[in-house]
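Colleague: Structure, please.
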Amino acid sequence: MKKLIYLFVFLLLISFVSAYSRCVDYNDERWCCDEGVICDPSDPSVCGKDSAWCDNYNNPQLSCIPGEDWCCYSAGYIADYSAHKCCSPDFPFYITQGVKAGRCSIYNTLGANNYYTNLKECDYLYSYNTGLFAIEEICLGYNYKKCKLDGIAKWINGWDTPQIVVGKCGVECLKDTDCPKGKFVGDKFCSSGNIAQTYQSYSCTNYDYKCEFRQEEKVVETCDYKCEGGFCIICDEGDKKCVGNELKVCEDNKWITEEVCETECIENGEAYCKPPNIFLDFIQSIIEWFKSIFT
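Modeller: Got it, this is the predicted structure:
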């Protein structure tokens, strides 16, 4: 009984391992392969190395090279059309350049040429020399499109959803805050007796996503007297005025004390110190003298 069970298991394994035979009856004739097995009973002229080769031959989109009688030896492996090499399904891209040339990769690399690379919409390439991706990008008007890894299906890269992105496709801004901050430009100048300067502010246009600017005049300093050449003028050279008992004179656009008046400072067309009354001063000195004698 055990022998029958072992025989059944053996035959079952044989059926799983090889669904193809070396010989087949076709149109009342016996067809056989000198080496390997017949891959297609309906076309016994196609002989394969083994069942794995036949599996690939009968599902050629991944494992065989179009137009050539060449398929991968291991079932399910991915054929690189240019290099005539095979990679496992988990690492389908054959590396043709760089430090890891001759190996297989999970990333599409420059020179790889297989079923997946032929279906891609765009390039999302990896370089083992630099450790960087080279990602294709294009503009459709103001819309920016970037290649997306596995964008169409697993292993097949495709375009991401178009977007309007600041810094891409001529787009400078989406809102005012994307534009430069406002600033004063040019030299200061006089306007209506005060110091003014041109202020430049920015805003984002809603039709072409550009930062446009407008300019306006702003007062930056109020002058108490007058403005000349972009500066506040405090006084005219040589002018005089009274400040309390002090006689002030204008020098180099500044009021400086010229004299502290003994009597008082008077402004009458022009400021001056009132001269002393000599007679009254003499009488006052006599009075002071008598006071000193009798006290």
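Colleague: For the one residue sitting closest to the centre of the chain, identify the helix or strand it belongs to.
Modeller: Centroid-nearest residue in the chain: Gly167, 6.4 Å away (criterion: C-alpha atoms, centre = their mean). If you go by DSSP states H and E, Gly167 is not part of any helix or strand.
Colleague: same question, Cys147
Modeller: strand 143-153.
Colleague: Contacts for that strand, please.
Modeller: If you take C-beta atoms under 8 Å, 6 or more residues apart in numbering as the criterion, strand 143-153 is touched by 119-124, 135-139, 156-160, 162-165, 168-169, 171. Yep, even glycine has a C-beta here, placed from its N, CA and C like the rest.
Colleague: And stretch 161-170, by the same measure?
Modeller: Taking C-beta under 8 Å, 6+ apart as the rule, stretch 161-170 contacts 137, 139-145, 171-174, 178, 208-209.
Colleague: among these, which ones are buried?
Modeller: 142, 144-145, 171-173, 209 (16 or more other C-beta atoms under 10 Å).
Colleague: thinking again about what came up before, specify which member of the contacts of stretch 161-170 is nearest to Tyr107.
Modeller: Tyr107 has its nearest neighbour among the contacts of stretch 161-170 in Glu137, at 17.5 Å by C-beta to C-beta.
Colleague: And the pLDDT at the closest residue to that closest one other than its chain neighbours?
Modeller: Excluding the flanking residues, the one nearest Glu137 by C-beta to C-beta, 6 or more residues apart in numbering is Lys146, at 4.7 Å. pLDDT for Lys146: 97.
Colleague: Numbering from 155 from now on, please.
Modeller: Understood, numbering begins at 155; the last thing we discussed is Lys300.
Colleague: tell me, how many neighbours does Lys300 end up with?
Modeller: 18 (other C-beta atoms under 10 Å).
Colleague: From Gly324, how far out is it?
Modeller: As defined by C-beta to C-beta, to the nearest Å, Lys300 lies at a distance of 16 Å from Gly324.
Colleague: swap in Ile310?
Modeller: For Ile310, the distance to Gly324 - C-beta to C-beta - is 30 Å.
Colleague: got it, and Thr359?
Modeller: Counting by C-beta to C-beta - Thr359 and Gly324 are separated by 12 Å.
Colleague: Report the contact partners of Asp204.
Modeller: 172, 174, 190-191, 227.
Colleague: To be precise, which single item in these has the lowest pLDDT?
Modeller: Ser172 (47).
Colleague: what about the closest residue to Pro195 other than its chain neighbours, neighbour count?
Modeller: Nearest non-adjacent residue to Pro195, counting by C-beta to C-beta, 6+ apart: Val178, 5.1 Å away. Neighbourhood size, Val178 [other C-beta under 10 Å]: 17.
Colleague: who does Val178 bridge with?
Modeller: Trp185 (DSSP bridges).
Colleague: For Lys402, the count of nearby residues, please.
Modeller: Lys402: 20 neighbours (other C-beta under 10 Å).
Colleague: Pull up the pairing partners for the host helix or strand of it, direction included.
Modeller: Per DSSP H and E: Lys402 is located in strand 400-405. Partners of strand 400-405 in the sheet, by DSSP bridges, are strand 394-397 (antiparallel), strand 408-414 (antiparallel).
Colleague: so how far is the last one from its chain's centroid?
Modeller: Right, strand 408-414. 62 Å (C-alpha atoms, centre = their mean, to the nearest Å).
Colleague: Run through the neighbouring helices and strands of the helix or strand just after that strand.
Modeller: Following strand 408-414 in sequence order, the next helix or strand is strand 419-422 (DSSP H and E). With contacts defined as 3 or more C-beta pairs under 8 Å, 6 or more residues apart in numbering; DSSP states H and E, strand 419-422 has these neighbours: strand 394-397, strand 424-427.
Colleague: Just the CA trace of the first one, in PDB.
Modeller: Extracted C-alpha coordinates of strand 394-397, given in PDB (Å, rounded to 0.1, in the frame of the first residue of the first chain):
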ATOM      1  CA  LYS A 394      18.700 133.700  14.600                       C
ATOM      2  CA  LYS A 395      15.900 133.100  17.200                       C
ATOM      3  CA  CYS A 396      15.300 133.400  21.000                       C
ATOM      4  CA  VAL A 397      15.000 130.400  23.200                       C
END
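Colleague: the more surrounded of Ile310 and Gly324?
Modeller: Higher neighbour count among Ile310 and Gly324: Ile310, with 17 against 12, using other C-beta under 10 Å.
Colleague: give the contact list for that one.
Modeller: So Ile310 contacts 270, 273-274, 304 (C-beta under 8 Å, 6+ apart).
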